[in-house]
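Trainee: Have a look at this prediction, sequence included:
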Amino acid sequence: MNLGGRKYVILVFFTLVGSIYLIRLFFMQVVDDSWKLRAQEIAEKRKEITPPRGIVFDRNGKKVVTNRSYYNLMMKEEDIHDFDTVAFAKLVGWTKQEVKDRFYQIRKGEGKYRNKNTGKVQENYQKQRAYPFIKELTIDEITRIAPHLEKFPGFFEDLTSMRNYPYAGGANIFGYLNEVSKEEIEEDRFYRPGDQIGRAGIERYYEKQLRGRKGIKYIVTSALNNAIESYADGKYDTLAQQGPALHLGLDIQLQVYGEKLMQNKRGCIVAIEPKTGEILSLVSAPSFDPNILVGRRNIGMNYPKLLLDEGKPLYPRPLAAEYPPGSVFKLLQSLIGLQEGVITPESGFPCTKSMVGCHNHPNATNLPDGIKYSCNPYFYYVMRRIIQQGKKRSIFADAELGLNEWYDYIMSFGLGSQFETDVTGMRPGLIPNSAYYDKWYGHNTWAFSTIRSISIGQGEVKVTPLQMANIVAIIANRGWYYTPHFVRSIGNDGPLPQFKVVHKTKIEPVHYDPIIEGMRRVCYEAGGTGKRAVVEGITVCGKTGTAQNPHGEDHSVFIAFAPMENPKIAIAVFIENAGFGGVWAAPTASLMIEKYLNRKVKDKAKEQMIVSANLLNIKAKPKKKK
Amino acid sequence: MRRGNSLIQHIDWWLLVIVVIMLGMGIANVYSAAYNPDHPDIFDFSQKYGKQIMWVGISGFLGFLVFLIDSDIYRKFAVPIYLFCFSLLIVVLFTPPINGARAWLGIGSLGIQPAEFMKIGTAIALSRYISTVNVKNQNIRTVLIALAIVMVPMVLILLQPDAGTFVVFTSFFFVLYREGITFDPLVLKIVNIFPGVRFKETWVGSHFIPILFYVVFLSVVTLLMSRNKYEFTFMRGVLIPGFYGVVTVITVIAFIAYLILRWISSKRDHRRVLLVIISGWVLSVAVSATVNFSFSSLAPHQKDRIELVLGLRKDDDGKDYNRNRAMAAVGSGGLFGKGYKKASVASVRSNHVPESETDFIFCPLAEEWGFMGSLAIVILFMGMLFRIIVIAERQRSTFNRVYAYCVAMIVFYHFAVNIGMNIGLAPVIGIPLPFFSYGGSSLMSFSMLLFILLKLDSQRRDVLF
């Protein structure tokens, strides 16, 4: 046996193990980065600090959406001992069973996540981690609970921030916040479970601005998940940055006033500043106090109620309700007629009532009077001249050509489509063209007589109140508009670029004068349909409308702008089932105009009449006053 | 006076310097790994680093005592030393268990682990016994006595239980191999039962220990590899089942080995080399195939257990927690590390790596000093092992040589298993890294092992037989 050779076996063995270890160490430490990532996963925690959301101001610098401190009652199971369930239940005002249920709920539900590799939902509840036991306690509630918490080790309070609305109005404009869903977290890495996200209105549209920038603190954590120290002395930390303030064109006082006027009614008010396209007020009645949708508990309690409410308070009437515009549409027909040269301001048409009905009034001998009397036959003739211009031999081909020209004019008023704007929840309305009627009746089978009802804004035509208010703004501007929008400036950066683009109609400015004159006569001359709209000291130009409603009493419509010389407000008022526009909608519009231009209302009797009117159950008890 | 001079002259400075460097690095490392900001003083004896300095002092004193005593005492009193350590090992079994093991003897935090000192006792006793045996005349009796010297303490250690030290004791088998105490008599006894068979020696019997380790190693590799599929970079899309991957690797290694052996051997041995390689290849493939087949025919729960032990099952936050955290700490070190006392995974404050000042002391070191630190440690240990082998081979007496090999193998085992478990190449067995891990017993036993070796070496010329 050669034993001397065996020392080499051992030396080779040593060398082999030493080299394998060095190669392995070199790969682990220098070549392969996956262990570095693993170490980060284990020991370094990113702590995200969520800033309070951006504040929202109205046009007068009043804070309309702010933040308020709330507290979460946190629990850390590891620290809980000698827990007295009965005393704790008494302290937080729950039953013993509710406390037990909540514990069960947290242990089973919190920290659940979907494993990316297996696709299975895994439980990840950790005793050494803090979870909110009761969320969103108000300062009053926490000051009652906090002094007694020392008897319950493992429970402590944690500050959070939630929305607050100093004025109880504008819920339909601002929208509300709610906790992010799992899908939203997967879609946008900004969010973490429990974060808030804008669910509607400008909170949703401007979510990316309002949420601000999260601050990130890198900390070294222990195996028990305690923070030990900041990583690399905070070299990589970033500060949380609150989102920029939003400055709205909204006048919150006008908004609140409008909601007050519209109480016990269904309908809406849209007010726009013609020069800028900024929305001054957007009332959707019935309305509700935005504060009732702050926080999970409130949303859980109130949202279903709002959803099931007969009056549909969550339905954005000014944006989504598509009404036939009624007589208001006559203004557009006049403008198109003038532009096409088929009528002049001096054109007169007899009130024949043969093709369309009308109320009793003298024959209109000129265009402004036609508007003043809102004479249906007058505009029937105007529309017939627009549609059937005799450019083609076939009456059907002629109507097709005429309708499509008319359609182009109408579209230049922003009708039949949604505005590209920060107002969300809009419907496009409907403006029919030849293709539309071809589909209904067949090609070359229809002419003006078939579609005559659109001449007075009935039939197929559908317009939303926001579009209607925009028509008024266009008339006030004599032919142009900015897209209606809420936000006039994000921080100090001004509005979004698309709100600075002027949209021109296809009607020359000169043609607006007789229309405006007609609208003045509506409010100020004998036989005018909107005399209830006048405001002392201000020249109001208006137009009544009655939107036919196949389901019941007609809707009362009134549009107006004021003052005539220098228009500052364009307004559209819709009151559902309230009948003729002059009766309810016109005075409501006048009160809004007065409130906006004079900041207060002198005509208290008119105000009282509108505020106290209950038009909800108009069919059963017509015009019953409260 | 003459003796004093010879001490200075004949001491092996290389080994001593390596030990001193290791002790210094060890203290610095424990200071970082167990650092308590409330007690920043490194000499604070209420802290682990303070205590470690105290243990280093005590160990140095013990080493000094060892140098004062004539080295012949170990040979002469080998049996009493062995029996004394052995009795301690029995006594410790009657103490109340600490952390589930009856391993500690002593008062409070100043306990010692008899198992650590049993290593010294066994090394001395084994050296003494082998030095009296004529290797050429060995029989079953000599093999059994040698095995008993090693295995009886192992049984007691297993009763504590202390799996780590138990594993370390298998290092003595390599010493037996080196000294030619083979298992051949046992193997022959069995083989020669068959009528007509009269072997004088078998290859398997005389190389039993390396063969055993090779078989275990090959089995583990087979189990690790056979579960995956492989593809070559030049043959994309062609998946090779794991077992054939193993066969491929064996073939490639066999081919390379053949080329090397052919190159270094003389021409007339070429046929023999080819034969050895082919038989080695056939045996390896057979072992691998057997393991692969028997594993696939196991019941699911048995498979589960084996997979968990081998780390095939991903359970990073459960059963594999320690190793996963340790590897993350080591792997995150990078080339130059995070800096002294800057460990984020393996620091005592974050406590992600448990026992980061004892069994997992390599973690903070590798995390804070990076690959450069790891390289230094591996080189230091390799240097120490090679130096001990050099010392072993220059001894005149068998006793000294066997003892030196015992020391080398024990140190190697601790090094290989401890660092191996930190980098995922060895199962997690709680044994300390010599001179680095915090702990008095380990430090004292390793110091005494080394100092006895140094003393024996310095007096090697005094030995007359």
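Mentor: On my side now, so go ahead.

Trainee: So in the chain, which helix runs the longest?
Mentor: Unless you meant another one, I'm taking chain A. The longest helix of chain A (DSSP state H) is helix A:6-26.

Trainee: Not quite, go with chain B.
Mentor: helix B:362-393.

Trainee: That one: how far from the chain's middle?
Mentor: The gap between where helix B:362-393 is centred and where its chain is centred comes out at 14 Å by Cα atoms, centre = their mean, to the nearest Å.

Trainee: Quickly check: that helix near chain A or not.
Mentor: Yes: Helix B:362-393 is in contact with chain A by Cβ under 8 Å from any Cβ of the partner chain, via B:366, B:370-371, B:374-375, B:378, B:381-382, B:385-386, B:389, B:392-393. Every C-beta, even on glycine, is put in place using the N, C-alpha and C of the backbone.

Trainee: any idea which of the residues you listed is the one closest to residue B:444?
Mentor: Using Cβ to Cβ, residue B:381 is the member of the residues of helix B:362-393 next to chain A that lies nearest residue B:444, at 19.3 Å.

Trainee: surely that closest one meets residue B:413?
Mentor: No: contact criterion Cβ atoms under 8 Å: residue B:381 and residue B:413 do not qualify, at 11.4 Å.

Trainee: Just want to know which of these two has more residues nearby.
Mentor: residue B:381 (27 against 22; other Cβ atoms under 10 Å in any protein chain shown).

Trainee: list the contacts for the more buried one?
Mentor: When contacts are counted by Cβ atoms under 8 Å, 6 or more residues apart in numbering or on different chains, residue B:381 touches A:18, B:411, B:415.

Trainee: Turn those into CSV, including neighbour count, distance to residue A:357 and pLDDT.
Mentor: Listed next are the contacts of residue B:381 as CSV, based on neighbours: other Cβ atoms under 10 Å in any protein chain shown; distance: Cβ to Cβ, whole Å; pLDDT from 0 to 100:
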residue, neighbour count, distance to residue A:357, pLDDT
A:18, 20, 106, 90
B:411, 21, 112, 95
B:415, 26, 106, 94
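
Trainee: Just name the closest of the residues you listed to residue A:441, please.
Mentor: Distance to residue A:441, by Cβ to Cβ, is smallest for residue A:18 among these, at 93.4 Å.

Trainee: The closest one is in contact with residue B:384, isn't it?
Mentor: No: here residue A:18 does not reach residue B:384: they are 11.1 Å apart, not a contact under Cβ under 8 Å.

Trainee: so how many other residues sit close to the residue of the stretch 501-626 of chain A at minimum distance from chain B?
Mentor: Closest contact between the stretch 501-626 of chain A and chain B, by Cβ to the nearest Cβ, is at residue A:501 (54.0 Å). The tally of other residues near residue A:501 (other Cβ under 10 Å) stands at 10.

Trainee: List the contacts of it.
Mentor: Applying Cβ under 8 Å, 6+ apart, we find residue A:501 in contact with A:482, A:483.

Trainee: Could you report the pLDDT at it?
Mentor: Looking at residue A:501, its pLDDT is 90.

Trainee: Also the one 10 residues further on?
Mentor: We note a pLDDT of 93 for residue A:511 in this prediction.

Trainee: What of residue B:227?
Mentor: 68.

Trainee: Residue ranges in chain B under the pLDDT threshold?
Mentor: Residues of chain B meeting the criterion pLDDT under 70: B:1-9, B:107-110, B:227-237, B:305-306, B:308-320, B:463-465.

Trainee: center of it, which residue is that?
Mentor: Most central in chain B under Cα atoms, centre = their mean is residue B:413, positioned 0.6 Å from the mean C-alpha point.

Trainee: Nearest to chain A: which residue in chain B?
Mentor: Taking Cβ to the nearest Cβ, chain B has residue B:331 as its residue nearest chain A, at 2.3 Å.

Trainee: I'd like the distance between that residue and residue A:40.
Mentor: 11 Å (Cβ to Cβ, to the nearest Å).

Trainee: ok, the two, which is more surrounded?
Mentor: A count of neighbours by other Cβ under 10 Å puts residue B:331 above the other of residue B:331 and residue A:40, at 26 against 17.

Trainee: thinking the more buried one is in contact with residue A:37, fair?
Mentor: No: applying Cβ under 8 Å, one finds residue B:331 not in contact with residue A:37, separated by 9.3 Å.

Trainee: Pull the residues that contact stretch A:149-163.
Mentor: Under Cβ under 8 Å, 6+ apart, the answer for stretch A:149-163 is A:52-53, A:65-84, A:87-88, A:91, A:130, A:132-133, A:136-137, A:142, A:145-146, A:176-177, A:196, A:203, A:290, A:294-295.

Trainee: For chain B, what is the nearest residue in the stretch 401-550 of chain A?
Mentor: residue A:491 (38.6 Å).

Trainee: Chain B versus the nearest residue to that residue once chain neighbours are set aside, what's the distance?
Mentor: Spatially, and ignoring its direct neighbours in sequence, residue A:491 is nearest to residue A:244 (3.1 Å; Cβ to Cβ, 6 or more residues apart in numbering or on different chains). Taking Cβ to the nearest Cβ, to the nearest Å as the measure, residue A:244 falls 36 Å from chain B.

Trainee: Do you know the pLDDT at residue A:244?
Mentor: 91.

Trainee: Pull out the buried residues from the helix or strand encompassing residue A:91.
Mentor: Using DSSP states H and E, residue A:91 sits in helix A:85-92. Within helix A:85-92, the residues that count as buried by 16 or more other Cβ atoms under 10 Å in any protein chain shown are A:88, A:89, A:91, A:92.

Trainee: Around the residue nearest to the third one when sequence neighbours are not counted, how many other residues sit close by?
Mentor: Yep, that's residue A:91 we're talking about. Leaving aside its chain neighbours, residue A:91 sits nearest to residue A:148 (5.4 Å; criterion: Cβ to Cβ, 6+ apart). Residue A:148: 14 surrounding residues under other Cβ under 10 Å.

Trainee: looking at it, residue A:148 is touching residue A:92, isn't it?
Mentor: No: with contacts defined as Cβ under 8 Å, residue A:148 does not count as touching residue A:92, sitting 9.7 Å away.
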